[in-house]
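>>> what's the 3D shape of this:
(2 chains)
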Amino acid sequence: MFNTTEIMQTNEMIDSQHLDIRTITMGVSLLDCPHPDISTACENVYNKITRLAANLVKTGEEIEREFGIPIVNARISVTPISLIAAACDTDDYSPFADALDAAARETGVNFIGGFSALVHKGFTVGDKRLISSIPAALSSTERVCASVNVATTKTGINMDAVAQMGAVIKSAADMTAHAGGLACAKLVVFANAVEDNPFMAGAFHGTGEPECVINVGVSGPGVVAHALRTVKGEPFDTVAETIKKTAFRVTRMGQLVAQEASRRLGVPFGIVDLSLAPTPAVGDSVADILEEMGLSRAGVHGTTAALALLNDAVKKGGVMASSHVGGLSGAFIPVSEDAGMIAAVESGVLTLPKLEAMTCVCSVGLDMIAVPGDTDASTISAIIADEAAIGVVNNKTTAVRIIPVPGKDVGDRVEFGGLLGSAPIMPVTAGDSSAFIARGGRIPAPIGSLRN
Amino acid sequence: MRAIVTVIGKDRVGIIANVCTLLAESGANILDISQTILQDYLTMVMLVDTSGCSLPFAELADSLKTRGEEQALSIRIQREDIFEAMHRI
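Here you go, the predicted structure:
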């Protein structure tokens, strides 16, 4: 039998350190749904999702009650809609977003991802139509998330797509101006997007994935921060070991839940994503971990090194705990969803340039960043280009989820509510990148991509 | 199915008797008990077998929680697997 200390330690992690399973995400292939008639295609999409995910939320709740571990979200990811909608002769793909939204409501999941296009080397007709439909689709739906992959290490950066995404983000913000540009919080621009990411807003079900799959995202920044409190002042070797042990425990929990969900739903287990995902709740913050290592605030000199150690140790600890690790698997640093990051931005210590440096050593990128509403499209595109370059050259996933909040400026704050949190408006570097973005074309793949 | 019951609360006469009665009423068989008292607080951990249980697991968990709250105790039951996953390789 287990000793009392072990049992109480587990329950304390759950009760006071925010240990939870962040998401059980069901990936659903829609490759058998296309139809030239858009209403038939949308019906196929709705029917397939609601059939396969009918018991997803209920199963999550059952597992939560039996194991006593909170499962915060149940979500669905689907095949990129640009592939499914391409058969329809229409310019507006919003009806697909409506079908996804309706399916999400029917199944009870809080987000559904996959209103997506992969355009890292160029656009198909379907990709073009999907991207131009994004602002309207995200404004008229509640639970649909969109993503566009504009670059990979193998293909380089599609700068035409980068340029277009700046305008799409501006337009999405304007169409949801009443809600602080909320549509942009559901839109991710990726480099090296992964096919099995369970986390929103960037989840989609890749074409290399099976018909249906269960992926699980664990969490636990609070648990890591708490563990580090027991090794105050110790050398980094000890810090890394402590994080590894904690990550191992957290991930084993994720693996257990993933296998149980997979068995009960009769759907294959895909991966466990080892990401440390914060929430706006106090004590559930990645910034707290960095500060626990000895930094007065996240963002001071030393932050990038601290984050690099954290990200690496989480992977090393987690990889042995799970049979299949995938998704993004790294520390997330979303500003609006992390109380410590918000405080760091508000104190003026954490800036966009520092965040950009931090994205070189962790997943995923500039996430949930609110900038002034008058930031022009080419500046947003240039921010995306910088992040894509980091991802492409370093052979890692990077992403940009940025919100130019209409009518707000530096010093203001925007509230999105719930898991999306609230964000102080951050200044962007003054200057003009428009002639750079206007060039278009492709930035070639780096020499490091030629590995064959 | 084996599960772990944890009971936490201010120590007083009859806690173990109460919890054991609750478990017996539901048909859960107690396999092992360990308890510690730190200052005035009791922490009790039980290993139980719920395979002969008359209630579905989730309902048993709810009834233990409710009956515990009535007596100012925290009582929870969790499947053993979660501790196995976390503490054993």
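>>> and residue 44, how many neighbours does it have?
Chain wasn't specified; assuming chain A. 17 (other C-beta atoms under 10 Å in any protein chain shown). Yep, even glycine has a C-beta here, placed from its N, CA and C like the rest.
>>> that's the wrong chain, I wanted chain B
When counting by other C-beta under 10 Å, one arrives at 21 neighbours for residue B:44.
>>> what of the one 5 residues further on?
Using other C-beta under 10 Å, the number of residues around residue B:49 comes to 15.
>>> same question for residue A:64.
18.
>>> what do you get for residue A:347?
Counted by other C-beta under 10 Å, the residues lying close to residue A:347 total 14.
>>> I'd guessed it sits against residue A:297; true?
Yes: checked against C-beta atoms under 8 Å, the pair residue A:347 and residue A:297 is within contact range at 5.9 Å.
>>> state which helix of chain A is the longest.
In chain A, with assignment by DSSP state H, the single longest helix is helix A:236-265.
>>> list the buried ones in that helix?
Within helix A:236-265, the residues that count as buried by 16 or more other C-beta atoms under 10 Å in any protein chain shown are A:239-240, A:242-244, A:246-262, A:265.
>>> again, but for stretch A:366-382
For stretch A:366-382, the neighbour count (16+ other C-beta under 10 Å) marks A:366-373, A:375-382 as buried.
>>> chain B contacts on the stretch 1-150 of chain A?
Residues of the stretch 1-150 of chain A found near chain B (C-beta under 8 Å from any C-beta of the partner chain) are A:1-4, A:6-8, A:10-11, A:62, A:65-69.
>>> ugh, typo on my part, it should be the stretch 251-400 of chain A
Neighbours of chain B within the stretch 251-400 of chain A, by C-beta under 8 Å from any C-beta: A:252-253, A:255-256, A:260.
>>> quickly find the element holding the residue of chain B found nearest chain A.
Closest contact between chain B and chain A, by C-beta to the nearest C-beta, is at residue B:78 (3.8 Å). Counting by DSSP states H and E, the element that carries residue B:78 is strand B:74-79.
>>> wait, residue A:123 sits on residue A:161?
Yes: with contacts counted by C-beta under 8 Å, residue A:123 reaches residue A:161, the gap being 7.1 Å.
>>> what's the angle from the stretch of helix or strand residue A:46 belongs to to helix A:236-265?
In the assignment (DSSP H and E), residue A:46 maps to helix A:38-52. With axes from the mean of the first three to the mean of the last three C-alpha atoms, to 10 degrees defining the directions, helix A:38-52 sits at 100 degrees from helix A:236-265.
>>> which other residues reach helix A:38-52?
For helix A:38-52, contacts defined as C-beta atoms under 8 Å, 6 or more residues apart in numbering or on different chains pick out A:26, A:28, A:30, A:32-35, A:76, A:78, A:84-85, A:87-88, A:90, A:95-96, A:98-100, A:102-103, A:106-107, A:112, A:212, A:267.
>>> which stretches of the chain form strands?
All of this refers to chain A. According to DSSP state E, chain A carries its strands in the segments A:21-28, A:71-78, A:111-118, A:144-152, A:156-158, A:187-191, A:212-218, A:269-273, A:365-372, A:398-405, A:413-415, A:422-424, A:442-443.
>>> chain B, not that one
Under DSSP E, chain B gives strands at B:2-10, B:29-38, B:41-49, B:74-79.
>>> what residues are up against the closest residue in space to residue A:220 that isn't next to it in sequence?
With C-beta to C-beta, 6 or more residues apart in numbering or on different chains as the criterion, residue A:220 has its nearest non-adjacent residue at 4.2 Å, and that residue is residue A:250. Residue A:250 makes contacts with A:19, A:218-220, A:223, A:318, A:321, as judged by C-beta under 8 Å, 6+ apart.
>>> out of the residues you listed, which comes closest to chain B?
Using C-beta to the nearest C-beta, residue A:321 comes nearest to chain B of those, at 8.4 Å.
>>> now do the contacts for the closest one.
Shown in contact with residue A:321 (C-beta under 8 Å, 6+ apart): A:247-252, A:254-255, A:272.
>>> repeat for residue A:101
Going by C-beta under 8 Å, 6+ apart, residue A:101 touches A:112, A:141-144.
>>> mind running it again at 7 Å?
Contacts were defined as C-beta atoms under 7 Å, 6 or more residues apart in numbering or on different chains; by that measure residue A:101 touches A:141-144.
>>> could you turn the buried ones of these into a PyMOL selection?
Per 16+ other C-beta under 10 Å, the buried members of the contacts of residue A:101 correspond to this PyMOL selection:
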select buried, chain A and resi 141+143+144
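>>> what pLDDT does the residue of chain A found nearest chain B get?
Proximity of chain A to chain B (C-beta to the nearest C-beta) peaks at residue A:68, 3.8 Å away. For residue A:68, the pLDDT comes out at 90.
>>> surely it touches residue B:79?
No: applying C-beta atoms under 7 Å as the test, residue A:68 and residue B:79 come out as separate, 8.1 Å apart.
>>> would you list the contacts of residue A:321 in JSON lines and tack on pLDDT?
Shown next, in JSON lines, are the contacts of residue A:321 (pLDDT from 0 to 100):
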{"residue": "A:247", "pLDDT": "92"}
{"residue": "A:248", "pLDDT": "92"}
{"residue": "A:249", "pLDDT": "90"}
{"residue": "A:250", "pLDDT": "90"}
{"residue": "A:251", "pLDDT": "92"}
{"residue": "A:252", "pLDDT": "92"}
{"residue": "A:254", "pLDDT": "92"}
{"residue": "A:255", "pLDDT": "93"}
{"residue": "A:272", "pLDDT": "94"}
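>>> which one of these sits closest to residue B:86?
The nearest member of these to residue B:86, counting by C-beta to C-beta, is residue A:249 at 4.8 Å.
>>> residue contacts, that closest one?
Each residue near residue A:249 by C-beta under 7 Å, 6+ apart is listed here: residue B:86.
>>> how close does it sit to residue B:89?
As judged by C-beta to C-beta, to the nearest Å, residue A:249 and residue B:89 stand 11 Å apart.
>>> residue A:336 too?
Relative to residue B:89, residue A:336 is positioned 38 Å away (C-beta to C-beta).
>>> so between those two, which is more surrounded?
Counting neighbours by other C-beta under 10 Å for residue A:336 and for residue B:89 shows that residue A:336 has the greater number, 26 against 7.
>>> let me know whether the more buried one touches residue A:416 as I believe.
Yes: between residue A:336 and residue A:416 there is a contact under C-beta under 7 Å: 6.4 Å.
>>> and for the two, which residues touch both?
The overlap between the contact sets of residue A:336 and residue A:416 (C-beta under 7 Å, 6+ apart) consists of residue A:422.
>>> how about the residues of chain B by chain A?
When proximity is defined by C-beta under 7 Å from any C-beta of the partner chain, chain B lies next to chain A at B:4, B:6, B:32, B:34, B:36, B:43, B:45, B:47, B:57-58, B:61, B:76, B:78-79, B:81-83, B:85-87.
>>> can you select the buried ones among these for me in ChimeraX?
Selection of buried members from the residues of chain B next to chain A for ChimeraX, criterion 16+ other C-beta under 10 Å:
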select /B:4,6,43,45,47,57,61,76,78,79,81,82,83,85,86,87
